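>>> no sequence on this one, just coordinates:
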């Protein structure tokens with residue numbers, strides 16, 4: 001009988017400690033559970049000095065996703081936001097020298113809420129963007145109304161070729 005009461009007492013003490021430790025842990029909210037970050041693209045520069053990181057995470061305020069492009073300097077261990085709202089249809093591409101990054105940005109006119117928004121989709125001017133790692137400048141180049149399906153650099157960084165349907 002004494003053994004049973006000792007065992008019951010120990011079980012009661014263990015139960016008490018388990019309740020107290022469970023109450024100390026913060027509750028995980030749904031926002032925290034769903035607030036994850038995806039990394040669709042992570043690319044080392046050809047020189048190995050930088051890392052290009054594309055992030056995709058929920059933006060609760062706008063009821064959409066934030067699709068951003070970051071540059072991480074490996075030696076200085078610093079990251080820098082290149083641009084927000086990068087196109088999810090094309091992965092950014094390094095130039096062979098590692099001095100430039102080419103990419104596309106989502107066109108804000110596509111998000112037009114009018115009933116004729118898709119009629120204007122094919123006629124909007126599109127831009128290709130180039131980011132210089134050395135000067136930290138962003139250059140936009142108009143490419144017309146075509147939608148590129150493939151891009152690649154020449155070996156000397158002087159020309160960027162792209163294929164598009166006319």
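Alright, I've got the coordinates. Everything numeric here is computed off the predicted structure, so don't read it as measured data. Residues are numbered from 1 along each chain as shown.
>>> Residue 37 is in contact with residue 57, isn't it?
Yes. Judged on CB atoms under 8 Å, residue 37 makes contact with residue 57 at a distance of 4.4 Å. Yep, even glycine has a C-beta here, placed from its N, CA and C like the rest.
>>> Which one's more surrounded, those two?
It is residue 57, of residue 37 and residue 57, that has more neighbours when counted by other CB atoms under 10 Å, with 15 against 11.
>>> and that one, which of the three is it?
Applying DSSP: H, G, I helix; E, B strand; the rest coil to residue 57 yields a three-state assignment of strand.
>>> For the residue nearest the centre of the chain, give its distance to residue 69.
The centre of the chain sits closest to residue 55, judged by CA atoms, centre = their mean, with a distance of 1.3 Å. For residue 55, the distance to residue 69 (CB to CB, to the nearest Å) stands at 8 Å.
>>> Please, where are all the strands along this structure?
38-44, 50-59, 64-73, 78-84, 93-94, 100-104, 126-132, 138-144, 147-153, 160-165 (DSSP state E).
>>> what residues does the fifth one touch?
Contacts to strand 93-94, defined as CB atoms under 8 Å, 6 or more residues apart in numbering, come from residues 43, 45-46, 52, 100-103, 151-153.
>>> Paired strands for that strand, with orientation please.
Looking at strand 93-94 with DSSP bridges, its paired strands and their directions are strand 100-104 (antiparallel).
>>> same deal with the third one?
Strands flanking strand 64-73 in the sheet, each with its direction: strand 50-59 (antiparallel), strand 78-84 (antiparallel) (DSSP bridges).
>>> The shortest one: how far from the chain's middle?
Average the C-alpha atoms of strand 78-84, do the same for its chain, and the two points are 10 Å apart (CA atoms, centre = their mean, to the nearest Å).
>>> swap in the longest one?
Centroid separation between strand 50-59 and its chain, computed with CA atoms, centre = their mean, is 3 Å.
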